[in-house]
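In: Quick one: sequence and predicted model below, then my questions.
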Amino acid sequence: RKEVEQDPGPFNVPEGATVAFNCTYSNSASQSFFWYRQDCRKEPKLLMSVYSSGNEDGRFTAQLNRASQYISLLIRDSKLSDSATYLCVVRDYGQNFVFGPGTRLSVLP
Amino acid sequence: GAVVSQHPSRVICKSGTSVKIECRSLDFQATTMFWYRQFPKQSLMLMATSNEGSKATYEQGVEKDKFLINHASLTLSTLTVTSAHPEDSSFYICSASSVSPQRSSYNEQFFGPGTRLTVL
């Protein structure tokens, strides 16, 4: 079983739609959780950290369920510029970050 | 956020030559830098973890004699792809974590812009 799993998509949604991505991780000792965004042929950029209590940043809401080892990202009112690959990232007690395979999102006009 | 640079951004070389890629943290010190490789339509795969002043830790399946890593200072790590072959063509990305736990960005990993290597 892979350490971090995501639905690869692609998710094709119209502008203005709400879309949700899910991620599961296998290491119960994982300490930190993130969502990164990667545009085509570019480096990943941090979108948001994920906290146990859940957190929101504008149109983006992230949630963590430690018991189920599950992380989610909700994007409301999708924009064309949201089109990208969204990477679920998990960090354990050490320094290593483990990346999920990414979920590709295409927001259509 | 913190800035990480990579050089060169793109390189094309002949099979059998060696290529050096530099990764610099520009505004913070990083005891640890990471080297990733990404093939088209695939996720980032960690190749090695580079610690300042010590030997790098390589992931399983990554040849340490082929991918030489040097982390000479808290702001610079280099990856040398020796005797490159066409199958080494890929997008190589470095990242760095901040040293200080007191810094708000300590728990983040900052990525360089990547180096696209094409071996002919």
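Out: Cool, got the structure. All values derive from a computational prediction rather than experimental measurement. Numbering: from 1, shown residues only, chains lettered A, B, ... in the order given.
In: Now B:Gly16. Nearest residue, chain neighbours left out?
Out: B:Ser83 (5.6 Å; Cβ to Cβ, 6 or more residues apart in numbering or on different chains). Just so you know, the C-beta spots here come from the backbone N, C-alpha and C atoms, and that holds for glycine as well.
In: The one you found: neighbouring residues, count only.
Out: 12 (other Cβ atoms under 10 Å in any protein chain shown).
In: quick one, what contacts it?
Out: Listed by Cβ atoms under 8 Å, 6 or more residues apart in numbering or on different chains, the contact set of B:Ser83 reads B:16-18, B:66.
In: let's see it at 10 Å
Out: By Cβ atoms under 10 Å, 6 or more residues apart in numbering or on different chains, the contact set of B:Ser83 is B:15-18, B:65-66, B:119.
In: near chain B at all, the lowest-mean-pLDDT helix or strand in chain A?
Out: Every helix and strand of chain A was ranked by mean pLDDT, DSSP states H and E. The lowest is strand A:97-99, at a mean of 85. Yes: interface with chain B: strand A:97-99 contributes A:97-99 (Cβ under 10 Å from any Cβ of the partner chain).
In: which bits of chain B sit near chain A?
Out: Checking chain B against chain A by Cβ under 10 Å from any Cβ, the hits are B:1, B:4, B:6, B:31-34, B:36, B:38, B:40-46, B:49, B:51, B:57, B:59, B:91, B:93-95, B:97, B:105, B:107-114, B:116.
In: coming back round to it: which of the residues of strand A:97-99 next to chain B tops the neighbour count?
Out: In the residues of strand A:97-99 next to chain B, the most neighbours by other Cβ under 10 Å go to A:Phe97, 24 neighbours.
In: Need phi/psi at B:Pro86.
Out: phi -50, psi -30 (degrees, to the nearest 10).
In: what residues are up against it?
Out: Contacts of B:Pro86 (Cβ under 10 Å, 6+ apart): B:15, B:118-120.
In: mind redoing it with 6 Å?
Out: B:Pro86 is in contact with B:Val119, counting by Cβ atoms under 6 Å, 6 or more residues apart in numbering or on different chains.
In: separation between it and B:Tyr92?
Out: 15 Å (Cβ to Cβ, to the nearest Å).
In: Going along the chain, name the strands of chain B.
Out: B:4-7, B:10-13, B:19-25, B:32-38, B:45-51, B:57-58, B:67-73, B:76-81, B:90-97, B:110-111, B:115-119 (DSSP state E).
In: would CSV of those with mean neighbour count, distance to A:Ser28 and mean pLDDT be doable?
Out: Formatted as CSV, the strands of chain B follow (neighbours: other Cβ atoms under 10 Å in any protein chain shown; distance: least, Cβ to Cβ, whole Å; pLDDT from 0 to 100):
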stretch, mean neighbour count, distance to A:Ser28, mean pLDDT
strand B:4-7, 18, 31, 94
strand B:10-13, 14, 41, 96
strand B:19-25, 21, 32, 95
strand B:32-38, 24, 23, 92
strand B:45-51, 20, 20, 89
strand B:57-58, 17, 23, 92
strand B:67-73, 17, 31, 90
strand B:76-81, 21, 31, 95
strand B:90-97, 24, 23, 92
strand B:110-111, 24, 27, 88
strand B:115-119, 19, 35, 96
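In: correct me, but B:Val3 touches B:Ser25?
Out: No: taking contacts as Cβ atoms under 6 Å, B:Val3 lies outside contact range of B:Ser25: 7.4 Å.
In: Now stretch A:47-62: buried residues?
Out: Within stretch A:47-62, the residues that count as buried by 16 or more other Cβ atoms under 10 Å in any protein chain shown are A:47-50, A:60-62.
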